[in-house]
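Novice: Okay, sequence plus prediction incoming.
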Amino acid sequence: MSEQQVRVRFAPSPTGYLHVGGARTALYCYLYAKRHGGKFILRIEDTDLERSTEEAMRMQIQDLNWLGLHWDEGPHPETLKDMGDYGPYRQSQRKEIYQKYADQLLEQGDAYYCFLSDEEIEAQREQAKKEKRPPQVKSPYRDWTVEKALEFKKTCPTPPVIRFKVKDEKTDYVLQDLVRGDVTFPSDMVGDFVVIRSNGMPVYNFCCVVDDALMKMTHVFRGEDHLSNTLRQIMVYDALNFEKPKFGHLSMILGEDRQKLSKRHGATSVNDFNEKGFLPEAMNNFLALLGWSSPKAQEIITMDELCEQFHHDRLNPASAVFDEKKLTWVNATHLRQLPHAELWNRLQPFFAKAGINLSDDPAWQNKALETMKTSMETLTDAIELFKPLSNEPFKVSDKAAEVLSWETTSAVINKWIELVSAKNELSADDFQEILAQIKTECAVKGKQLFMPIRVAIIGEPQGAEVKLLVPLMAKQELIDRANQCLN
RNA sequence: GUUCCCUUCGUCUAGAGGCCUAGGACAUCGCCCUUUCACGGCGAAGACACGGGUUCGACUCCCGUAGGGAACGCCA
């Protein structure tokens, strides 16, 4: 109807790292905004004072940045200062705003002060459970006037909460979900729920509505676990006479055992994958395909293509299992497509961490990557691959012992040393020539020929193609290594 | 317990009543390339949860059943 600008937000609560489920939600929000020329907003839902930390917020911001999901409004990624016209963007800084709307609710008779203690509520729950009723709170303070409650508050030792008063008459609420179609909730599905805690902080279902309305969100994409919360939120929207955004509830991401993905499934945070040598473009690619499919049936897809093609009508309502094998393949494919100079840059932190020093000649780097990248799936794979080329002391691996014990091995290696010494420089062709010579002069072939040579070069019986590796190495280094194998 | 959601190869998915002998991708297996391993190429195997309708015709629509999941907090 209206030509209003699309505004989509990602609203994590800073209670830990950004996990892959959150990352996917953020990605979809981002893509939706980009696709429609809208704004992507980051809002921090830190109303849970106990669990929210500044550190976790920084971690999540960092992860979002790593993924390249840049927001138009929200805390500045460096300074954390608010950017945008609808701040503050941290809920902990919006207390007065929530209080104002809670007061409005109170005034309208849509909410009331409730003095029920934890024990009383617990008792009610027990009772409800016994009677097999939904465990909903029935507050005796429900019909008190605000004045009466305020008067009582003075004498009451524990501060009250503010509860939303769910209408008595039962009606059906229909949510037109972007992912699931029409979803009908009976209003008696929920009891009177808390909107403001006794410590004055608002509760998710309340501040989420106030913020989404005030921040002019047009679309809300979030996890399926929020689906049933939406009923409460709709009630708040209606009571406050706010315009509702369109909702889309995304499926869950599961582990291989089809349980909700959690820490016991291994790596689940975006940062874990960063550290394991996955590329952000691969992460986005894989995550996008978990619950969404490209209309062009692309499996390998760039961020730009994603922005172009993303549409909510291809979002899958069924939950999806996170398959790290496929992620690895996606990663390997992206990695091999990277320009070598860029790949080299991405590798630097991993080399540094592993203490590997390599030539800074770009031509050498390019040649080396050409050779190595077909055996790399993740950035960390480069560590083992490049070790033989670093200026670390040469070591013969245990796996190579068998090769060295072969009868013909020492003759082969001696011949190798002899022939290499006769050359100035070794090209791939020279290497092939030498190999052929050894083959005839030592009368060996196949494994007996190839593996000793490989061990003499990299100290391992298996690895990258040696004919490409050799040109990357200095002649004297080759000789030294071969000699070491003979001792 | 109540309410809501979900259900196509092992996994991610395509599929909007006849284009389906159910397509693709990952993984698996085989062959080719390769004097190793990868990369690459080719190929094989592998699924509509079940039962009823509706229809000339159902993977597609409806209703049940089963299984899975979520929510029912002063967590988000």
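Specialist: All right, it came through fine.
Novice: which residues in the stretch 1-150 of chain A form strands?
Specialist: A:7-10, A:39-42, A:74-75, A:82-83, A:111-114 (DSSP state E, counting those that start in this stretch).
Novice: Deepest-packed of the ones you listed, please.
Specialist: Sort the strands of the stretch 1-150 of chain A by mean neighbour count, taking mean count of other C-beta atoms under 10 Å, and strand A:7-10 sits at the top with a mean of 26. C-beta here means a position set from N, CA and C on the backbone, and glycine is covered the same way.
Novice: Tell me which other helices or strands that one touches.
Specialist: helix A:20-35, strand A:39-42, strand A:219-223 (3 or more C-beta pairs under 8 Å, 6 or more residues apart in numbering; DSSP states H and E).
Novice: do you know which of these lies nearest A:I300?
Specialist: A:I300 lies closest to helix A:20-35 among the helices and strands packed on strand A:7-10, at 16.0 Å (C-beta to C-beta).
Novice: related to what we said a few turns ago, export the helices and strands packed on strand A:7-10 to TSV and tack on mean pLDDT and distance to A:F242?
Specialist: Output for the helices and strands packed on strand A:7-10, formatted as TSV (pLDDT from 0 to 100; distance: least, C-beta to C-beta, whole Å):
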stretch	mean pLDDT	distance to A:F242
helix A:20-35	96	20
strand A:39-42	97	17
strand A:219-223	95	13
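Novice: Go through the ones you listed and name the closest to A:F278.
Specialist: Here helix A:20-35 is closest among those (C-beta to C-beta), at 10.8 Å.
Novice: any bit of the closest one sitting next to RNA strand B?
Specialist: No: with C-beta under 7 Å from any atom of the strand as the criterion, RNA strand B is not reached by helix A:20-35; the gap is at least 9.2 Å.
Novice: So for that helix, what gets flagged as buried?
Specialist: A:20-35 (16 or more other C-beta atoms under 10 Å).
Novice: Over to stretch A:286-298?
Specialist: For stretch A:286-298, by 16+ other C-beta under 10 Å, it's A:286-292, A:294.
Novice: What about RNA strand B: which of those touch it?
Specialist: Of the buried residues of stretch A:286-298, the ones that also sit near RNA strand B (C-beta under 7 Å from any atom of the strand) are A:289-291.
Novice: Make TSV from the residues you listed and add secondary structure to it.
Specialist: Putting those into TSV (DSSP: H, G, I helix; E, B strand; the rest coil) gives the following:
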residue	secondary structure
A:L289	helix
A:L290	coil
A:G291	coil
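Novice: Reformat these into JSON lines and put pLDDT next to each item.
Specialist: Compiled in JSON lines, these are given as follows (pLDDT from 0 to 100):
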{"residue": "A:L289", "pLDDT": "96"}
{"residue": "A:L290", "pLDDT": "94"}
{"residue": "A:G291", "pLDDT": "93"}
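Novice: Which one of these is nearest to A:H226?
Specialist: The closest of those, once distances to A:H226 are taken by C-beta to C-beta, is A:G291, at 15.3 Å.
Novice: now that closest one: how far from A:S251?
Specialist: To A:S251, A:G291 is 5 Å away according to C-beta to C-beta, to the nearest Å.
Novice: Same question for A:Q99.
Specialist: 36 Å.
Novice: And A:I438, by the same measure?
Specialist: Distance of A:I438 to A:S251, computed by C-beta to C-beta: 59 Å.
Novice: The two: who's more crowded?
Specialist: The residue with more neighbours, out of A:I438 and A:S251, is A:I438; 24 against 20, by other C-beta atoms under 10 Å.
Novice: still on that earlier bit, what residues do A:G291 and A:S251 have in common as contacts?
Specialist: Taking C-beta atoms under 8 Å, 6 or more residues apart in numbering as the criterion, A:G291 and A:S251 both touch A:316, A:320.
Novice: from memory A:R43 sits against A:S13, does it?
Specialist: No: with contacts counted by C-beta atoms under 8 Å, A:R43 stays clear of A:S13, the gap being 10.1 Å.
Novice: Neighbour count: the two, which is higher?
Specialist: A:R43 (26 against 18).
Novice: which residue sits closest to the more buried one in space, ignoring its chain neighbours?
Specialist: Excluding the flanking residues, the one nearest A:R43 by C-beta to C-beta, 6 or more residues apart in numbering is A:A11, at 4.4 Å.
Novice: just A:Q484 next, same as before
Specialist: A:F394 (5.9 Å).
Novice: what's the helix or strand for the one you found?
Specialist: When secondary structure is defined by DSSP states H and E, A:F394 falls outside every helix and strand.
Novice: How about the contacts made by it?
Specialist: A:F394 neighbours (C-beta under 8 Å, 6+ apart): A:388, A:459, A:477, A:480-481, A:484.
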